[in-house]
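Fold the stuff below for me.
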Amino acid sequence: MTATLAGTRTARRRRHPVGSGALVIGGDYQGLGIARSLGRHGIPVSVLDDERSIARGSRYVQHTVRVPDLRGEPETVAALASARERLGLDGWVLYPTRDETVAVLARHRRELSRWFRVPTPDWPAVRACWDKRETYAVAERLGIPHPLTWVPADESDLAAAAGSEPLVIKPAIKEHFIYATRAKAWRADTTAELRDRFRSAVEVTGPGEVLVQELVPGGGSEQYSYCALVRDGRALASMTVRRRRQHPSDFGRASTYVETVELPELEAPSLRWLAEVGFSGLVEVEYKRDPRDGRFKLLDVNARTWGYHSLGAAAGVDFPYLLFRAETGDPPAGSEPVRARPGVRWIRLLTDVPNAARDLRRGDLRLRDYLGSLRGVDTEAVFSRTDPVPGLYELALLPYLALRRGL
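Coordinates of the predicted model:
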């Protein structure tokens, strides 16, 4: 069943629980998309952030609370308690935008549920997403294809992977790595590079938390995702996408150009994996198609909204709003999930343009193809004629964003 514009108009006339709203934790472009989704339905939105939020400029955000730190566990719990007392947020739905925040909400779910609606599942389900060692162990148990992966305890264990280059060195828990290196993974083309990269990674994460993985051939455009709102083992809403471009181009920390596609073969393995760990909530399951055998191999599972989630609303599946309805007792009806329309495109120009410029210089992208792709865009991550101030904020904050998070 595909969502229709008429269905969206009807949803906007719904009455929501008195005193209920949403607290978005993180006010970057992902948080901004959540605020716009909910605000357009008349739902009060506040933002909690430890950065300079572009979402604070949105017409749909009532309050923005700036705190010193949301990366530490006790600091996040204390910030949530303070925001609740200050703004009167009892019964509001929490929307985390970072993996470390998801982990905090899961670990403190019972405590936080006294005051908030917490859509994050319990810690065992989140841990299976958060720690790639567990992610791949579940996939292996279920027979779901994934890249060949080694978990070396020390340098001596690298011998098992040596000779299989090119290889990828990546963290089991990316938050312990990405803030220090601003990289999602490193490539090793020789045994010497493997050893050197492994040593550097261990210095950041500590021993036992570095994965060595086969490099699945093909660029970022071979990456696909199954996105869904899941309850009790079934998808209430779903969207399948192809990541056409990403930033950086090799091991992308974030998507920059994404298109919805018809790819039903990703649904069954995704739902099997999620059911195995008892997952409920919003989720993005990432795959890469291996051109050697045509199989889609599981890469990652994100237990939260994803950067391009606002593509869903443009394609007929407004994920943050559907989650709000489910958390407040009004889930979408029907035996079949609401599915996104194929062929809808999303872009984040701030990262797509400079990344495309680098690819053009290297000869990995043709100018005609790039300009042609821009003519087919349906929605932009930040810029909006009806909510223009966040786009101006983002331009003004370019130096800060580049320094703080590499955009």
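
So what would you say the end-to-end distance of stretch 61-71 is?
Start-to-end span of stretch 61-71 (C-alpha to C-alpha, to the nearest Å) is 23 Å.

which sections of the chain are below the confidence cut-off?
Where the chain drops to pLDDT under 70, the residues are 1-19, 333-335, 401-407.

Please go through it and pick out the longest strand.
Criterion DSSP state E: the longest strand present in the chain is strand 234-247.

Buried residues, that strand. List them.
235-247 (16 or more other C-beta atoms under 10 Å). Just so you know, the C-beta spots here come from the backbone N, C-alpha and C atoms, and that holds for glycine as well.

now stretch 48-65
48-58, 60-61, 63-65.

And for stretch 147-159?
147, 149-152, 158.

and what of stretch 316-332?
Neighbour counts using 16+ other C-beta under 10 Å place 316-328, 332 of stretch 316-332 among the buried residues.

Okay, now that stretch: how far is its last residue from its first?
Taking C-alpha to C-alpha, stretch 316-332 runs 13 Å from one end to the other.

ok, back up a step: what's the first helix or strand after the longest strand of the chain?
strand 254-260 (DSSP states H and E).

part of a strand, is Thr64?
Yes. The assignment for Thr64 is a strand, going by DSSP: H, G, I helix; E, B strand; the rest coil.

quick one: contacts for the closest residue to it other than its chain neighbours?
Among residues not flanking Thr64 along the chain, Arg56 sits closest, at 4.0 Å (C-beta to C-beta, 6 or more residues apart in numbering). Each residue near Arg56 by C-beta atoms under 8 Å, 6 or more residues apart in numbering is listed here: 27, 47, 49, 64, 393.

ok, what's across the strand from the fourth one?
Legend: beta-bridge partners of Thr64 under DSSP bridges are Val47.

Quick check: it vs Asp359, distance?
35 Å (C-beta to C-beta, to the nearest Å).

likewise Glu336?
From Glu336 to Asp359 the distance is 39 Å (C-beta to C-beta).

Between these two, point out the one with more neighbours.
Counted by other C-beta atoms under 10 Å, Glu336 and Asp359 do not tie: Asp359 has more neighbours, with 18 against 11.

The more buried one against Leu365, yeah?
Yes. Using C-beta atoms under 8 Å, Asp359 is in contact with Leu365, at 3.9 Å.

and of the buried residues of stretch 48-65, the nearest to Arg345?
Nearest to Arg345 among those, counting by C-beta to C-beta, is Ile54 at 21.7 Å.

was I right about the closest one contacting Gly26?
No. Contact criterion C-beta under 8 Å: Ile54 and Gly26 do not qualify, at 10.9 Å.

just to revisit the earlier point, okay, now the sheet partners of the longest strand of the chain, with direction.
For strand 234-247, pairing defined by DSSP bridges yields strand 223-231 (antiparallel), strand 254-260 (antiparallel), strand 338-339 (parallel).

Same list, those, but as JSON lines with mean neighbour count and distance to Pro354 please.
As requested, the strands paired with strand 234-247 are exported to JSON lines (neighbours: other C-beta atoms under 10 Å; distance: least, C-beta to C-beta, whole Å):
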{"stretch": "strand 223-231", "mean neighbour count": "24", "distance to Pro354": "20"}
{"stretch": "strand 254-260", "mean neighbour count": "25", "distance to Pro354": "9"}
{"stretch": "strand 338-339", "mean neighbour count": "23", "distance to Pro354": "33"}
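
so can I have a markdown table of those showing distance to Leu89?
Formatted as a markdown table, the strands paired with strand 234-247 follow (distance: least, C-beta to C-beta, whole Å):
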| stretch | distance to Leu89 |
| --- | --- |
| strand 223-231 | 23 |
| strand 254-260 | 29 |
| strand 338-339 | 28 |
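
so which of those comes closest to Gly281?
strand 223-231 (6.5 Å).

Now find how far off-centre that closest one is within its chain.
Relative to its parent chain, strand 223-231 has a centroid offset of 10 Å by C-alpha atoms, centre = their mean, to the nearest Å.

which residues touch that strand?
235-243, 246, 252, 261, 263, 266-267, 270-271, 274, 279-289, 296, 299, 306, 309, 312, 319, 322-323, 326, 331, 337.

if you look at the residues you listed, which of them are in strands?
235-243, 246, 281-289, 296, 299.

how near is Ala201 to Ile169?
From Ala201 to Ile169 the distance is 5 Å (C-beta to C-beta).
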